[in-house]
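**Student:** The sequence and its predicted three-dimensional model are supplied below.
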Amino acid sequence: MAAARVPATCGTCHEGILHQYDAGVHAAALKAGNPAAPQCATCHTAHTIANAETDQYKLAVIAECGNCHLDKIGTYRDTFHGQVTA
């Protein structure tokens, strides 16, 4: 599965992020053989990676995560942080 090789490829330059990814649930799902599990290229491309510290990224990532985590985005929107980002 080509998707399973993406984190290692990206990790050749982004080693610190690879360690963070490897410790998470998305990596565990990918390693368990779930082809739909998110990997680097699910949310990023080589040409549009944004700095995760910017306000623009922090606002956009909510919608990005909400595409897959529909069961959680609704309740997130009800929280203080969800309302502030709206």
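**Tutor:** It's in.

**Student:** And the helices in the protein?
**Tutor:** For the chain, helices defined by DSSP state H occupy the ranges 6-11, 15-22, 25-31, 40-43, 55-66, 70-78, 80-85.

**Student:** and these as TSV, adding distance to residue 49, mean neighbour count and mean pLDDT?
**Tutor:** For every residue, glycine as well, the C-beta is placed using N, CA and C. Output for those, formatted as TSV (distance: least, CB to CB, whole Å; neighbours: other CB atoms under 10 Å; pLDDT from 0 to 100):
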stretch	distance to residue 49	mean neighbour count	mean pLDDT
helix 6-11	10	16	93
helix 15-22	10	13	94
helix 25-31	17	15	94
helix 40-43	9	17	85
helix 55-66	10	13	79
helix 70-78	23	11	83
helix 80-85	21	11	82
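
**Student:** And the contacts of stretch 28-47?
**Tutor:** 1, 3, 4, 6, 7, 10, 21, 26, 27, 61, 64, 68 (CB atoms under 8 Å, 6 or more residues apart in numbering).

**Student:** Spit out the contact partners of the third one.
**Tutor:** With contacts defined as CB under 8 Å, 6+ apart, the neighbours of residue 4 are 30, 31, 39.

**Student:** ok, those residues vs residue 80, which is closest?
**Tutor:** Nearest to residue 80 among those, counting by CB to CB, is residue 39 at 31.2 Å.

**Student:** Show the contacting residues for the residue nearest to that closest one when sequence neighbours are not counted.
**Tutor:** Distance criterion CB to CB, 6 or more residues apart in numbering; nearest residue to residue 39, sequence neighbours excluded, is residue 6 at 4.5 Å. Residue 6 is in contact with 39, 40, 41, counting by CB under 8 Å, 6+ apart.

**Student:** Nearest residue to the second one in space, please, no chain neighbours.
**Tutor:** Translated: residue 40. Residue nearest to residue 40 in three dimensions, not counting chain neighbours: residue 10, with 4.4 Å by CB to CB, 6+ apart.
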